[in-house]
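Asks: with the sequence up front, the predicted model follows.
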Amino acid sequence: MKTSLLVVLVALCTESAFSLRCFTCKDATFNIHCLSTTACADHEKYCVTTYSTMGYGKDRKQRITKKCSAFCPAIDLNIGIAGVASSCCETSFCNVSGASSVKTSYTMVTLGILASLACILRLGF
């Protein structure tokens, strides 16, 4: 009985230790505001980044949303004054940069990697 319980506990711990982890944010104005992380549910297999813009020139506004998802939405729509694009990936912390239309800077990539390492070290992997 004790052996069975130990096997179940090890299986549960192993599953949660290897669950997908994604950067998350909702309607952030800059990618730097998207460094929060979350452990995805078992049915969520993708990290998704959605980038939207609206307006012209100095009045142009952008929003970035990052989350875990059970599916990968294929969105790439541009109607001139507004646009939406999404990107998906399937490994932990892979959504550190923005969607394909977001310009990635080396500073942001470095900050994302450092945030990932800090999270991993904090979790004790």
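Replies: Yep, it's here.
Asks: Ala74 reaches Ser87, doesn't it?
Replies: No - if you go by CB atoms under 8 Å, Ala74 and Ser87 don't touch, sitting 9.6 Å apart. In short, each C-beta sits where N, CA and C put it, glycine included.
Asks: more neighbours, these two?
Replies: When neighbours are counted by other CB atoms under 10 Å, Ala74 and Ser87 differ, and Ser87 comes out ahead with 24 against 9.
Asks: measure the more buried one to Cys47 for me?
Replies: According to CB to CB, to the nearest Å, Ser87 stands 9 Å off from Cys47.
Asks: so how far is Ser52 from the closest residue in space to Glu44 that isn't next to it in sequence?
Replies: Excluding the flanking residues, the one nearest Glu44 by CB to CB, 6 or more residues apart in numbering is Cys68, at 4.0 Å. Distance from Cys68 to Ser52, counting by CB to CB: 19 Å.
Asks: what is the rounded mean pLDDT of stretch 81-88?
Replies: In this model, stretch 81-88 has an average pLDDT of 90.
Asks: and the helices in the protein, which stretches?
Replies: Taking DSSP state H, the helices of the chain run over residues 2-17, 106-123.
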